[in-house]
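Colleague: everything below, folded, please.
(2 chains)
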Protein chains: 2
Amino acid sequence: MLQTLQNKTPYQQLESRMARISALNDAAAMLHWDMAAMMPPGGYAARTEQMSALNATTHSLMVAPDMGDLLDAAQDDSTLDSWQQANLKEMQHNWRKATALSEDLVEALTRASAICEEKWRSARPDNDYASLLPELQSLLDLVLETAQAKADVLGLSLADAMLDDYEPGGRVAEIDVLFDDLAGFLPDFIAQALENQARKPQPLIPEGPFPIEKQRALGEKLMATLGFDFNHGRLDISLHPFCGGVPDDVRLTTRYDEADFTSALMGILHETGHGLYELGLPRQWRNQPVGQSLGMSTHESQSLLIEMQVCRSAEFLEYAVPVMRDSFGGSGPAWQTENLQRLYGQVKPDFIRVDADEVTYPAHVILRHRIEKAIFANDLSLKDLPGAWNDGMAELLGITPPDDRLGCLQDLHWYAGAWGYFPTYTLGAITAAQLYDAAKKQVPQMELEISRGNFVPLLGWLRDNVHSKARSCTPQGILIQATGKPLDAEIFKQHLKSRYLS
Amino acid sequence: MLQTLQNKTPYQQLESRMARISALNDAAAMLHWDMAAMMPPGGYAARTEQMSALNATTHSLMVAPDMGDLLDAAQDDSTLDSWQQANLKEMQHNWRKATALSEDLVEALTRASAICEEKWRSARPDNDYASLLPELQSLLDLVLETAQAKADVLGLSLADAMLDDYEPGGRVAEIDVLFDDLAGFLPDFIAQALENQARKPQPLIPEGPFPIEKQRALGEKLMATLGFDFNHGRLDISLHPFCGGVPDDVRLTTRYDEADFTSALMGILHETGHGLYELGLPRQWRNQPVGQSLGMSTHESQSLLIEMQVCRSAEFLEYAVPVMRDSFGGSGPAWQTENLQRLYGQVKPDFIRVDADEVTYPAHVILRHRIEKAIFANDLSLKDLPGAWNDGMAELLGITPPDDRLGCLQDLHWYAGAWGYFPTYTLGAITAAQLYDAAKKQVPQMELEISRGNFVPLLGWLRDNVHSKARSCTPQGILIQATGKPLDAEIFKQHLKSRYLS
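Modeller: Below you'll find the predicted structure:
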């Protein structure tokens, strides 16, 4: 069972190391889920040490002195197939990034993230941005130091190096083109959508209370119907819903509101999209870099394809609303399919990104992207961030947050060190529209099947065209293979028009 | 914040390494809890890889080429205080054991344990010992290979080397003396206790159902009253109840029976004893070897002191029975304190160790200890284990299991590689009796306070005399400091006589 070094080619030795690193990363992923969903508050300090030790360990495995030689030697291996070549390319890229960083820097960044995140957890309810400014500055300094080091070895700009962790091969200049286009399109479009909405009856909100246990049961039923395998996953509760765990053990979380089941349910369906992607990654590449999920825009495309494209559609609701009625014994006008469709298609400029509808959501992302660019370029200092935030909200959505809780303190990302991440949400929305458009054209009965509660054709298409590819090609490569063209915001805009102006 | 190597003494360098190892061990402990309490079955293979990678990593840190030199150099450091000296001694001992083992052996053992444990999980309900014999033999071979390697470097017999992992400084010859004494005492004593019991009214069993949520709430209430800090711990459900996690984040588990709350409740109180020990370990030594819990007999002494000595006593039940009545709205003769005291003091020779009363429990342990000795000495082969088990049960308890589910398949330990562990349960019971006897003498109001629901004096005594010592002295050292004498089975026998012959 145990193979000795002597029998292994350089590529095989690299695979063994990557398997070890992957297992330790998986351990960290499970502990991260536990931290959000299970851990009592007093476990925080010990958990920080655990995460920090895991990160430092994988880092030191990655920068072992003979890695460069092994990578060079593997490069000359003519027996590698295309997946192995792609795997080697991932290793090389990861190694270049890792060697750019000292173990001390990695450990300091992990610790600073944990400290700032913890601070944020109390500063947000207290509406006290100023109190975490020192921790945020320390963290940002380390984030920038890290990004600059990566930028140097990868030959990228600082901003592109920040993006690289989340979007392989992504370029800020390309995002700017898309986002400027959307920023030009959105204000008028939002006004039109609101006008159109005003001409229709105001949707009724089903009356609760909706016991959490019943909400969970409904969520799990729809998850299973969509194809989520509970032998390889769970659904739990956390303050900030997410999809965690590992591909063989996917941990989804949500939060429930007993007065309103509709929002948590759509949240569960969103995370289910992420979870289906993880579950669908190729089994034989589980523990190798090429077998990981591709990037955040692809990941988000899968959650948004399920939530926005599929589950808020008339076809899905035709199937799902009777299931909702059954779950809660609902009846009357608020429980009519047409009403819930209007409710799930409401447009309303508001302060909180995670509660935003799909029309106003890109504005939230564009705001964050612009702020990040200004900070990376030293055009904005952290102490002026709340002001810049509020100005941006006024410009993009015409509203001004009354406090930082509803403004720059609302999202965890920056306070956990995830700078450069936000654009991927809207890249994901654009990707989702383009993928679903292609899927419907390629499988003509798909929407009919969805309206009957049959998601096999949809999941099959996603498995074949996205999930099973893992990191064997780029996000653009996946789009071109699946849809015949690179990322194209027109399809997203068309989708918005057809859903919100009809 | 980050200290460079140059500024550190050899001892300080060792402390840094131990902190890293401790954090990785803590990560493994959390994942082990998750595996039992949360993980969906399909997560097993991935989890095995994670645990295996963590074990291999800590092992390779422990056997780093310069460890021997660092340990030698630290030995000459005259500035070390007594805790640091004890810490260094622990490091040396652990290092000697680790260097005895190759990384391949450690990884093979971890994997074989996981495979055999998984096999046991289906073989037990199927009553199919034969089906797991190949996996059990492979595992035992690796266990023995490991133990022999440790025995060689530590200058111990194979059996003492097996014990060393669970009982620091323990010797099988000393256990044999205690166990032979108990094996001589028990059969007559059990007969007398049964006779005495037969003269009293048969205890009534409170009638359910008892909803799990109410049972959990009662358990958590009593845990908190005993001093369990829920800011640093949780209570969950698993098939096999245990105390897991880490000292800053203690994860207790139990299993509930809706028809009978009394058994799960006592199970929770048992685990609470373990948990209080973990929570009470010295904060400043959390991440060092000397700061870990001492050994299994000490750990078990803490759970048995709480469960057997305290929580099944008349004083505790005087306080707790009204709380139980309140929780379930119980009334009538079954809910009288005297009745529940009789119920909690029932003696009944039966097949399952974990359900055994404190009188018959040592017989279960002595059986396992004798089987282990025979296997280690090559006097018994695994295929003959079920027969030896049944013969031993007949001899020690006068009953014969109808099948292996109620016989040699009942406990996980052997199937997870934990050979040599069982004796510590009864060492723990003897230790618990001796410690509680001393505590009552040293704090005369203690039982009165317990009957009033005040556990502060008890917990204070345990913190001072056991918990805060961690591994700064041996189990015998703790007993001598706390009670004035080494382990003495007479006090345990006296306890049994006073509780079961009165």
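Colleague: show me which positions of the lowest-mean-pLDDT helix or strand in chain A end up buried.
Modeller: Ranking every helix and strand in chain A by mean pLDDT, DSSP states H and E puts helix A:103-123 at the bottom, with a mean of 89. Within helix A:103-123, the residues that qualify as buried by neighbour count (16 or more other Cβ atoms under 10 Å in any protein chain shown) are A:105-121, A:123. In short, each C-beta sits where N, CA and C put it, glycine included.
Colleague: could you do stretch A:290-303 as well?
Modeller: A:290-303.
Colleague: for it, how far is the first residue from the last?
Modeller: Distance between the boundary residues of stretch A:290-303 (Cα to Cα, to the nearest Å) amounts to 21 Å.
Colleague: averaged pLDDT, that stretch. What do you get?
Modeller: When the per-residue pLDDT values of stretch A:290-303 are averaged, the result is 97.
Colleague: which SS class is the residue nearest to A:T337 when sequence neighbours are not counted?
Modeller: In space, not counting the residues next to it along the chain, A:T337 is nearest to A:V321; the distance is 4.4 Å by Cβ to Cβ, 6 or more residues apart in numbering or on different chains. Assigned with DSSP: H, G, I helix; E, B strand; the rest coil, A:V321 falls in the helix class.
Colleague: ok, A:V321 - contacts?
Modeller: A:V321 is in contact with A:335-337, A:340, counting by Cβ atoms under 8 Å, 6 or more residues apart in numbering or on different chains.
Colleague: what about 10 Å?
Modeller: Taking Cβ atoms under 10 Å, 6 or more residues apart in numbering or on different chains as the definition of contact, the neighbours of A:V321 are A:330, A:335-341, A:344.
Colleague: next, format the buried residues of stretch A:290-303 as JSON lines and append secondary structure.
Modeller: Listed next are the buried residues of stretch A:290-303 as JSON lines, based on three-state DSSP:
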{"residue": "A:V290", "secondary structure": "helix"}
{"residue": "A:G291", "secondary structure": "helix"}
{"residue": "A:Q292", "secondary structure": "coil"}
{"residue": "A:S293", "secondary structure": "coil"}
{"residue": "A:L294", "secondary structure": "coil"}
{"residue": "A:G295", "secondary structure": "coil"}
{"residue": "A:M296", "secondary structure": "helix"}
{"residue": "A:S297", "secondary structure": "helix"}
{"residue": "A:T298", "secondary structure": "helix"}
{"residue": "A:H299", "secondary structure": "helix"}
{"residue": "A:E300", "secondary structure": "helix"}
{"residue": "A:S301", "secondary structure": "helix"}
{"residue": "A:Q302", "secondary structure": "helix"}
{"residue": "A:S303", "secondary structure": "helix"}
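Colleague: could you list the domains of chain A?
Modeller: Following automatic domain parsing, one finds the domains of chain A at A:5-155, A:212-346+A:443-472.
Colleague: chain neighbours aside, what residue packs nearest to the residue nearest the centre of chain A?
Modeller: In chain A, the C-alpha closest to the average C-alpha coordinate belongs to A:E300, at a distance of 4.5 Å (Cα atoms, centre = their mean). The shortest distance from A:E300 to any residue that is not its chain neighbour, by Cβ to Cβ, 6+ apart, is 2.6 Å, and that residue is A:G428.
Colleague: do A:F179 as well
Modeller: When the adjacent residues along the chain are set aside, A:F179 lies closest to A:I366, with 5.1 Å between them (Cβ to Cβ, 6+ apart).
Colleague: and the gap between that neighbour and A:L182?
Modeller: Going from A:I366 to A:L182 by Cβ to Cβ, to the nearest Å gives 7 Å.
Colleague: over to A:A173?
Modeller: The spacing between A:A173 and A:L182, counted by Cβ to Cβ, is 15 Å.
Colleague: show me which of the two is the more surrounded one.
Modeller: In terms of neighbours (other Cβ atoms under 10 Å in any protein chain shown), A:L182 is the more surrounded of A:A173 and A:L182; the figures are 21 against 10.
Colleague: could you list the low-pLDDT ranges of chain A?
Modeller: Applying pLDDT under 70 to chain A picks out residues A:1-6.
Colleague: change it to 80
Modeller: Of all residues in chain A, those with pLDDT under 80 make up the ranges A:1-6, A:103.
Colleague: of all the buried residues of stretch A:290-303, which comes closest to chain B?
Modeller: For these, the residue nearest chain B by Cβ to the nearest Cβ is A:G291; the value is 12.2 Å.
Colleague: count of residues packed around the residue nearest to the closest one when sequence neighbours are not counted?
Modeller: In space, not counting the residues next to it along the chain, A:G291 is nearest to A:W285; the distance is 2.8 Å by Cβ to Cβ, 6+ apart. By the criterion of other Cβ under 10 Å, A:W285 has 21 neighbours.
Colleague: in this structure A:W285 contacts A:A470, no?
Modeller: Yes. Counting by Cβ atoms under 10 Å, A:W285 does reach A:A470; the two are 5.9 Å apart.
Colleague: got any residues that touch both of the two?
Modeller: A:83, A:86-87, A:247, A:291-292.
Colleague: now, the most widely separated pair of those?
Modeller: In terms of Cβ to Cβ, the shared contacts of A:W285 and A:A470 reach their longest pairwise distance at A:A86 and A:P247, which sit 17.5 Å apart.
Colleague: and A:Q75, how far is that from A:H93?
Modeller: From A:Q75 across to A:H93, the span is 13 Å (Cβ to Cβ).
Colleague: one more: A:I237?
Modeller: Computed with Cβ to Cβ, the distance linking A:I237 and A:H93 is 36 Å.
Colleague: hmm, A:A259 is touching A:Q215, no?
Modeller: No. Between A:A259 and A:Q215 there is no contact under Cβ under 10 Å: 11.1 Å.
Colleague: which bits of the stretch 151-300 of chain A sit near chain B?
Modeller: Within the stretch 151-300 of chain A, the positions near chain B by Cβ under 10 Å from any Cβ of the partner chain are A:229-234, A:236, A:245-251, A:279, A:286-287.
Colleague: where along the stretch 151-300 of chain A do the strands fall?
Modeller: Listed in chain order, the strands of the stretch 151-300 of chain A (DSSP state E, counting those that start in this stretch) span A:233-237, A:243-246, A:249-254.
Colleague: can you pull out the helices in the stretch 301-450 of chain A?
Modeller: Taking DSSP state H, counting those that start in this stretch as the test, the helices found in the stretch 301-450 of chain A are A:314-328, A:337-344, A:361-376, A:385-397, A:423-442, A:446-451.
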